[in-house]
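S.K.: after the sequence you'll find the predicted model.
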Amino acid sequence: MTRRFDDLADAVLAGTPATTDDALDVLRATDEELLAVVAAAARLRRKHFGNTVKVNYLVNLKSGLCPEDCHYCSQRLGSQADILKYTWLKPDEAIEQAAAGLRGGASRICMVSSGRGPTDRDVDRVAGMVGALKQEHPDVEVCACLGLLKDGQAERLRAAGVDAYNHNLNTAESHHDKIVTSHTYADRVDTVTKAKDAGLSPCSGLIAGLGESDEQVAEALFALRDLGSDSIPVNFLMPFDGTPLEGTWDLTPGRCLRILAMARIVCPDKEIRIAGGREMHLRSLQGLALHVANSIFLGDYLTSEGQAAEADLELIRDNGFVVLGADDGAADPGRPAAATHDPAKRRRGAGTDLPANA
Ligand code: SF4
C-alpha cells in the first residue's frame, strides 16, 4: 500500500511533476502510511538539499498598528492581541538584532515591517539598513518583507543589496476573500511578480489552518509552484486571542507534517521552510518535519516567541543535519548536548509532599 509514495518519489525524481491527485493522496495518507510519506518526501529533500538546514532570522522592523484586516494577523487593524507595538527600529537597533541572528547561525536575515506597503521613504530607510548590514556582514543574505510594492520599489531594494522579497500568497485564491478584505489575491500575486521581475528571489508561502479545504491547500501550493517561488514558508496558524481567528484550532501535528510533505512533492527543489507555529503545531514531530523541509526560523517570530534558539540548533543536530553555511562547529551533529543539560532533579511525587508529575 505504502509503496505508492515511493513510486511517487521515483516519478518526481525522474522529472514528472506531481499532480493535484498526488498532492491530495499525500495529504490524506493514513497514520499507518505517514512514515512512508515522510520517507518519500525525504528522498526529494536529500536529493536537492543534502543534509543541510537553512537557518533564517526575523527582525520585525515595525510591529503592529497595521491598517489591513488579515484575519490571522495579530498586527491587523483592530487587533486586541497583547503584542509589542512600535514604529520603525533605528538602523543601529535593526543591525544589532540582525547580528544576533547571524551569531546564532542564520545565513538569511528577514527584515519585516507591518503595514499595507512601504512608502518610498520606507524603502530608502530599509535600503540604508541593508547597506549598513552588508558592509558589516558581506555574506549575509537579506530578504525584505514590507508588504505590497509599488512600481519601482523592488528595483530600488535590489539596487540596495536586498537578495529576496517575501510576500506570501497565504492561501488559495478561492479562499482568500474569507481571510482578508482590504486587499486582493491579485494584489499579492502582483507584488511577488514585481519582486521576481526586479531580480529579487521570490519568497512566498502559505498559512495552513485558516479553514481551507484539502483541495485549497493543494490549490495554494500549485499556485506557488506556477508563480516560481524560490522559498516557500509554510506557516501554521497561531490563533491569537483578540483576532477574528481566535480559537481556531484545525491542525494536528500529523496534518502539518503531511502539508510539508505535499509542499515537497509539489515543489521538490524549492526551499520549504517550516515557519510560524512550528513548535505549537508540529510539537514532537518537529524532527520528522526536518526530514521533509530544509529551512527553519531561528528563535522568535514577529509577534510571538519561538523555542530557545539553542533548542532549534539541537533539533538540527539531533536529526543528523548541519546548518547551511556554518563553519564554527555549531552544527556538528556529533556535538554532545549542551553542558547546561544537567538533569533536573526530581522534587515532586514519591518521597515528597508535592503532587506527582502524572
Ligand atoms: S499580515 Fe501584514 S498586511 Fe496583513 S494585517 Fe498583518 S501586518 Fe498587516
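M.R.: Looks like it came in fine.
S.K.: burial count for residue 173?
M.R.: A count of nearby residues for residue 173, using other CB atoms under 10 Å, gives 16. C-beta: built from backbone N, CA, C; applies to glycine.
S.K.: quick check: closest non-adjacent residue to it.
M.R.: The spatial neighbour of residue 173 that comes closest, neighbours along the chain excluded (CB to CB, 6 or more residues apart in numbering), is residue 185 at 4.7 Å.
S.K.: now residue 140
M.R.: Using CB to CB, 6+ apart, the nearest residue to residue 140 is residue 109, at 5.8 Å.
S.K.: give me the distance between that neighbour and the ligand.
M.R.: Note on residue 109: its distance to the ligand, by CB to the nearest ligand atom, to the nearest Å, is 18 Å.
S.K.: surely that residue forms part of a strand?
M.R.: Yes. According to DSSP: H, G, I helix; E, B strand; the rest coil, the state of residue 109 is that of a strand.
S.K.: point out where the stretch 1-150 of the chain drops to low pLDDT.
M.R.: Within the stretch 1-150 of the chain, the segments meeting pLDDT under 70 span 1.
S.K.: next to the ligand in this structure, residues from it, please.
M.R.: 66, 68, 70, 73, 75, 76, 114, 116, 147 (CB under 6 Å from any ligand atom).
S.K.: OK, contacts around the first one?
M.R.: Same thing as residue 66. By CB atoms under 8 Å, 6 or more residues apart in numbering, the contact list for residue 66 reads 73, 75, 76, 77, 114, 115, 116.
S.K.: one more pass at 7 Å, please.
M.R.: Residue 66 makes contact with 75, 76, 77, 114, 115, according to CB atoms under 7 Å, 6 or more residues apart in numbering.
S.K.: in which helix or strand does the spatially closest residue to residue 157 that is not a sequence neighbour reside?
M.R.: Nearest non-adjacent residue to residue 157, counting by CB to CB, 6+ apart: residue 144, 5.5 Å away. Using DSSP states H and E, the element containing residue 144 is strand 141-145.
S.K.: who touches the next helix or strand after that strand?
M.R.: Downstream of strand 141-145, the next assigned helix or strand under DSSP H and E is helix 153-159. Residues from elsewhere that reach helix 153-159 (CB under 7 Å, 6+ apart): 118, 123, 127, 144, 165, 194, 195, 198, 199, 200.
S.K.: hmm, back to that, give me the buried subset of the residues of the stretch 1-150 of the chain next to the ligand.
M.R.: With burial judged by 16 or more other CB atoms under 10 Å, the buried subset of those is 66, 68, 70, 73, 75, 76, 114, 147.
S.K.: picking up where we left off before, doesn't residue 176 make contact with the residue nearest to residue 173?
M.R.: Yes. Look at residue 185 against residue 176 with CB atoms under 7 Å: they come within range, at 4.0 Å.
S.K.: who's more crowded, those two?
M.R.: Higher neighbour count among residue 185 and residue 176: residue 176, with 22 against 18, using other CB under 10 Å.
S.K.: what about the helix or strand where that one lies, average pLDDT?
M.R.: Assigning secondary structure by DSSP H and E places residue 176 in helix 173-179. Helix 173-179 shows a mean pLDDT of 97 in the predicted model.
S.K.: can you pull the buried residues of that helix?
M.R.: For helix 173-179, a neighbour-count test (16+ other CB under 10 Å) marks 173, 175, 176, 179 as buried.
S.K.: just checking, what packs against that helix?
M.R.: helix 214-227 (3 or more CB pairs under 7 Å, 6 or more residues apart in numbering; DSSP states H and E).
S.K.: hmm, try it at 6 Å
M.R.: If contacts are counted by 3 or more CB pairs under 6 Å, 6 or more residues apart in numbering; DSSP states H and E, helix 173-179 sits against no helix or strand.
S.K.: now do the buried residues in the helix or strand following that helix.
M.R.: Once the chain leaves helix 173-179, the next helix or strand it forms, by DSSP H and E, is helix 185-197. By 16+ other CB under 10 Å, the buried positions in helix 185-197 come out as 185, 187, 188, 189, 191, 192, 193, 194, 195, 196.
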